[in-house]
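# Just a sequence and a predicted model for now, questions to come.
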Amino acid sequence: MDLSYGEEYEQFRTEVRAFLKDVWPPKGDEAELSKEDGARRFRVRATEKGYLSRGIPRKYGGSEQPSDEIRANIIREEFSRAHAPMDVKGIGTAMLVPTLLEKGEEWQKEKFVEKTVHGELHWCQGYSEPGSGSDLASLKTKGELVGDEWVLNGQKIWTTNAHTADWMFCLCRTEPGASKHAGISYLLVPMDQPGIEVRPLPQMTGGADFNEVFLTDARTPADHIVGKRGEGWQVSRSTLKHERNSIGSAAQSALMFQGLVHLAKTTEYDGRPGIEDPVIRQRLARLEGTLKAHEYSGLRQLTANAKGENPGIIQTMSKLIATNIGSEVAKIALDLIGDDGMMDPLESGGMMARPGSQSSWINQYMFSLGIAVAGGTANIQRNVIAERGLGLPRDIYAERSSGK
Amino acid sequence: MDLSYGEEYEQFRTEVRAFLKDVWPPKGDEAELSKEDGARRFRVRATEKGYLSRGIPRKYGGSEQPSDEIRANIIREEFSRAHAPMDVKGIGTAMLVPTLLEKGEEWQKEKFVEKTVHGELHWCQGYSEPGSGSDLASLKTKGELVGDEWVLNGQKIWTTNAHTADWMFCLCRTEPGASKHAGISYLLVPMDQPGIEVRPLPQMTGGADFNEVFLTDARTPADHIVGKRGEGWQVSRSTLKHERNSIGSAAQSALMFQGLVHLAKTTEYDGRPGIEDPVIRQRLARLEGTLKAHEYSGLRQLTANAKGENPGIIQTMSKLIATNIGSEVAKIALDLIGDDGMMDPLESGGMMARPGSQSSWINQYMFSLGIAVAGGTANIQRNVIAERGLGLPRDIYAERSSGK
Amino acid sequence: MNFDLTEEQQLLQNAIAQLLQNELPVTRLREIFESETGHDEALWKNLVEMGLGGLVIPEEYGGAGMELLDLALASETLSYGGAPGPFFGHSLAALAVSLAGSDAQKQRWLPQLATGDAIGSFAFAEAGSVWQPEDWVMAGGDTLTGTKLNVPYSELADVFVVGVAGGGLVLVEREASGLESHPIDGVDRARRIGALIFEATPCESMPGAAADRVRDAALVLLAADAFGAGTRLADMCVEYAKTREQFGVTIGHFQALKHQLANMAIDIEPSRALYWYAAHAFDHIQGESARSAAIAKAHITDNVMQIARDSVEAHGGIGFTWECDVQLWFKRAMFDRAFFGVPSLHRERQAQLAGW
Amino acid sequence: MNFDLTEEQQLLQNAIAQLLQNELPVTRLREIFESETGHDEALWKNLVEMGLGGLVIPEEYGGAGMELLDLALASETLSYGGAPGPFFGHSLAALAVSLAGSDAQKQRWLPQLATGDAIGSFAFAEAGSVWQPEDWVMAGGDTLTGTKLNVPYSELADVFVVGVAGGGLVLVEREASGLESHPIDGVDRARRIGALIFEATPCESMPGAAADRVRDAALVLLAADAFGAGTRLADMCVEYAKTREQFGVTIGHFQALKHQLANMAIDIEPSRALYWYAAHAFDHIQGESARSAAIAKAHITDNVMQIARDSVEAHGGIGFTWECDVQLWFKRAMFDRAFFGVPSLHRERQAQLAGW
């Protein structure tokens, strides 16, 4: 066991730091660039050095580096410390690009991959539909090949960033006669067309991070299919991952916890700082135990991934643990803020406005629920742990429904 | 709403008190009787007055009173206050007698009811078997009619008081060809015979409140069957209850809670009485909320029962709530007693013995688990609440298994 | 011995439920929820015509002369139906004037409050989540200067019962000089709140010492309201489980969900008796009144908040959206839990009142 | 960057597991559990022959010169196998002498402890659940007078490391005059405890100030032991769910039980990294050592106790019987949770050490 990175990696870290010191924040002429252009220029350089787009072949604009979880982690740490731009975020780089690289036609890779990783094309994901949550096989949106175009009709939901996306990758039912999973295809659809209407789907906080997408005779060329007709289910499950970020979610949880401790130190509770209240102390300490176990398990997974080993059952648990932590953070915060627990999460300010932090905790109190449902409900997560992790029998209804 | 009992009932209470003052504890010559004989004499008198065996016809030794939940409750309160003997406890009065009164032959009632309610015959219940817990329909003990006798072979488990019982009422499979529920009969079997062996089944506390009963060519006369052959399942479910004790379980929970508060007041915890620790105070207060809701719900049920109305979903919940309260009482106690939480629950004393109360809390810590499993596991209770209380669909496996 | 509602009480609850079913479909509720004022005059008129403006006002002043239990039952049913508006603050103001007002104050205000022509409210909270009469800082006297927070419908009410240092109560009229009201953006848009800022504002002292009683009554009403919200949420979840399909069956077939709904049921149903008892104790068992109210408020609002969270999850993704009705009662639960102090505060009071 | 065990460490765990599988079938474990002494000389001999008597004793004194992490790994595996006997107390005594003993003390005791020819133990606890070095009351000096409680295998050990007022450590030999030992009926009959009564008993002061280090090490070993018990219990439940049938299917088909087992898994599996880290911090990250040990002890022993309760329930009625193996690890969990202080105590320490 050795929590240092060793000489070779520390050498690598030194190089990364030196690189960042040179080019970020932008110096000289580059300092004059717009924020966006500056980031773009930076990314090109960082990719040349092999720091970004590491899993993407050079010919599609990547740096084509051998997989190395430790280097990837050092890059994340140092870039984050320097507040430098990382790989372009989003569902396009996270899900579409790996899928195209594994299953796409050559022309599809050429057309889409580089522009997506460089942030010039934005994507949204069209999987979920009203009425098919965890049960994707029941989706109903239809695609019909009419001449040289697919014509799509149906409705998608939970479509993050649909209003800003250029393209959507989506699952449609194209083979009406086929059995549940076998009738689905994976299509790439341009968003800017009359057949597509995007409506925001506000959440209970009042904000709107999701959309519904209505497809009414929406069109896309016949060849904008990834994999063959009826293979969409398998295509969508290609989970090629170059370097996992196995400690990312724990780092998020840790940041939330730090925020909570700060809140407890700065909020008066029952006549003294909340952190001095014995009940709050016990709750914080208990939660920190869960958090630390989660964090250190991330280190275990990082090590296993770096060695190419299977970290075991622990990898089925991250989502549910992160959800549980988020939920407990929110509950403790709600107790700490007292009357502010009645405030509107979107409270815009005005004369009686409280410091922004309080309403952000209300937001968190509700949003911690959104996290639970976004990654599939906690019940789905528990099924996964029980079935894949513990080897218990599969759910009878899911099994029946999948026709096995 | 009126929590007083009203004039008529207060008059009744006065009568009960006067009666008790006269005869309990035994006066004069009767004070010389053995404890057991004194109690027997007392019960005869109390039955004459209509205070005991209220649901039992006079000809079988009862007082044959009209059902009155309020009177029943007043009798319980006053007898309990005077530490006077109540109706003979046990599975015989609680389950066998109502079953015989509803489904038994006349000669069976005459032979068994009076002696059972007078405490002269003791019973044990032979329902559960290894391998059939919540799923009684799967029981395997066989009964075969050979000449004028049933010959029984099999094994029963969780048989409380089997070592002191005179008789067992049990379920056996007598119709090998019949479907699951239809093949079962309800038999009355004498315990004192070579074909029956009783073995104690010690629990994890080290005590032994349960037994296993092994039947090897055990015998009972052919007419010692209640109901017809193959009707045992229905017979066992006759739930005739004269007066429910809807507040009894809550009273038990309340007593436990009082004990816990006493423990908190008298145990040093982190340098002061436990009751002064803010975390303990919050936990006690939270638990008391659950307890009070449970207690007052008992009053609601008592009222509904007295009016002959259905109290609704609340009546499906008592067992699970009582289990939850018992479990939380035990957990708080374990924290309070510190190092004594390492002690043996059966610790017999000796030089280093702690006051009896501490090891009784360890017993409680483990025994609260036994309560959970004895009334069917908590999961079974939740099924009942969801299905009978909320009207949700029946469990698919139970449904399948019952052949419906 | 009768721990049950009278026929009149059941009729009252049924009548309210019927009214809300007719007059407050959820579409209308949402309009009010999203409106400027959070108040619907037509609905208010309907409610006060049923006598809800003066349930606990003595009959001689035009009220129904009923007890806190009746008020709590009305609160439960209004909450179950999601009713927005000033009922809560108004009822407590009416109770406070009935208990503590001078004859003149009663003459002047109770008849108007009973008919609902005047709307009452109360101003107890001060900065720092201060609610309890013994903690009030703003000085009384002939005039008031200072700020009160979280005043129900401060923009709308005609008269305010204001708590002052030492645990006294005073009356302030809306038109009083030096009185400003500012809305506060609360989470529950069905119960609006605001701040009152007093600047040498004239006030009238109330002779009776009733602040503690009014506090206890507020706790019981919040508990009853939370109970109504909790049963509504639990019912919505059961209904959803019986209709929503997944993998070819209604999701109510899934044992994990069944058990979550069973747990929800055991966390809410016994609370009915808990708030009944607290209300009954307020009316008839003086010695248990304060403690029972604290227990009911802490226990029920805390449980219901968890039920609200679990309800979102029981609905899956849709439960987290604005368009799903869960949010309406979720926010009601947040209000009931925070208003007049979070559960831990009342649990500590509960402990102290037991002499622990 | 390598947060994983070395091949040697994995071999060590495998070898222990293999030995217990061969030498300690549960029938044998139950015999020892129910025996007079709770100690099996043959098993002890096997363990010390593998070097487990002196894992952390420096090589120059005949030990393996390994680290606390290795000792914790051994503890986990021994606990998973249910191993009874003096390993825990012995290991801490060996560590204490290695850290704080004079050269002479080391010369005299370490070689014997390493071979297991002498058995060590430690006497820290005093009446009133007092465990922490800063709270010790019994005075040190040339002789000791007073009582220490909850001393592991007080009836068996040859030498005791005893904590005295001011946080010092002294050595007492079994044969010392005025020393009496009395067994205490503990719940976990696989780890016996007793009281030591000193009456002007000669002792030898240990020069090093290592009480805090020994405390931290004890907390890590208890956490590792609890982790082993928790994984054993969770494994037993999964195994039972896969074999026990009800309504014609294995009970592992029931979603409610599946989810309870999933929850058990997320309550135990991440703890592996938590105790590894605490042990590693003890060995290599001085600044985090005390706090990490407190977190690991509080978190793991508390979670495992709940897992033990849930394990009884997952087994139904049989889980509550003496003959079901759940009880063996249930009691192990009770020992690990209570020994050296309940979780809330270490959570408060955790808070203080963070400067909260």
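Yes, it's here. Bear in mind the structure is a predicted one, so any value in this text is a computation, not a measurement. Numbering: from 1, shown residues only, chains lettered A, B, ... in the order given.
# Next secondary structure element downstream of the longest helix along chain A?
Within chain A, and with DSSP state H defining each element, the longest helix by residue count is helix A:278-307. Next along the chain after helix A:278-307, taking DSSP states H and E as the criterion, comes helix A:318-337.
# for that following helix, the distance to its chain's centre please.
19 Å (C-alpha atoms, centre = their mean, to the nearest Å).
# Hey, what's the angle from it to helix A:278-307? Just curious.
For helix A:318-337 against helix A:278-307, the angle by axes from the mean of the first three to the mean of the last three C-alpha atoms, to 10 degrees is 160 degrees.
# name the helices or strands packed onto helix A:318-337?
Packing partners of helix A:318-337 (3 or more C-beta pairs under 8 Å, 6 or more residues apart in numbering or on different chains; DSSP states H and E): helix A:248-266, helix A:278-307, helix A:356-374, helix A:378-384, helix D:255-268. Every C-beta, even on glycine, is put in place using the N, C-alpha and C of the backbone.
# Quick one: mean pLDDT over it.
The average of the pLDDT scores along helix A:318-337 is 92.
# Which secondary structure element of chain A has the lowest mean pLDDT?
When the helices and strands of chain A are compared on mean pLDDT, DSSP states H and E, helix A:356-374 comes out lowest with a mean of 71.
# all helices in chain C, in order from the N-terminus.
Using DSSP H, helices in chain C cover C:7-23, C:26-33, C:41-49, C:68-80, C:87-100, C:103-115, C:211-243, C:255-268, C:271-284, C:286-314, C:326-338, C:343-353.
# anything in the fourth one near chain B?
Yes. In this structure, helix C:68-80 sits against chain B according to C-beta under 8 Å from any C-beta of the partner chain; the contacting residues are C:L69.
# Residue of chain C closest to chain A, please.
The nearest approach of chain C to chain A comes at C:S129, 3.3 Å away (C-beta to the nearest C-beta).
# Which residue, other than its chain neighbours, is closest to that residue?
Nearest residue to C:S129 in three dimensions, chain neighbours excluded: A:G338, at 3.3 Å (C-beta to C-beta, 6 or more residues apart in numbering or on different chains).
# Quickly run through the sheet partners of the lowest-mean-pLDDT helix or strand in chain C, with directions.
Across the helices and strands of chain C, the lowest-confidence element by mean pLDDT, DSSP H and E is strand C:245-246, at a mean of 87. Here strand C:245-246 has these sheet partners by DSSP bridges: strand C:249-250 (antiparallel).
# Might you calculate how far the strand it pairs with sits from the centre of the chain?
Offset of strand C:249-250 from its chain centre (C-alpha atoms, centre = their mean): 37 Å.
# Measure how buried A:Q193 is and give me the count.
Counted with other C-beta atoms under 10 Å in any protein chain shown, residues neighbouring A:Q193 total 12.
# Centroid-wise, who is the farthest residue in chain C?
Largest separation from the mean C-alpha position in chain C: C:G248, at 41.9 Å (C-alpha atoms, centre = their mean).
# List the contacts of that one.
Contacts for C:G248 (C-beta atoms under 8 Å, 6 or more residues apart in numbering or on different chains) come out as A:397, A:400-401.
# quick one: which of those sit in strands?
Within the contacts of C:G248, no residue falls in strands by DSSP state E.
# and those, which are buried?
Buried members of those, counted by 16 or more other C-beta atoms under 10 Å in any protein chain shown: A:397, A:401.
# Let me know how buried the residue in the stretch 1-150 of chain C positioned nearest to chain B is, in neighbour terms.
As assessed by C-beta to the nearest C-beta, chain B sits closest to C:F3 within the stretch 1-150 of chain C, at 3.9 Å. By the criterion of other C-beta under 10 Å, C:F3 has 21 neighbours.
# Among the contacts of C:G248, which one sits closest to C:L179?
For the contacts of C:G248, the closest approach to C:L179 (C-beta to C-beta) belongs to A:Y397, at 61.7 Å.
# can I get the helices and strands packed on helix A:318-337 in JSON lines with mean neighbour count and distance to C:G38?
Shown next, in JSON lines, are the helices and strands packed on helix A:318-337 (neighbours: other C-beta atoms under 10 Å in any protein chain shown; distance: least, C-beta to C-beta, whole Å):
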{"stretch": "helix A:248-266", "mean neighbour count": "17", "distance to C:G38": "29"}
{"stretch": "helix A:278-307", "mean neighbour count": "23", "distance to C:G38": "33"}
{"stretch": "helix A:356-374", "mean neighbour count": "21", "distance to C:G38": "18"}
{"stretch": "helix A:378-384", "mean neighbour count": "21", "distance to C:G38": "34"}
{"stretch": "helix D:255-268", "mean neighbour count": "24", "distance to C:G38": "40"}
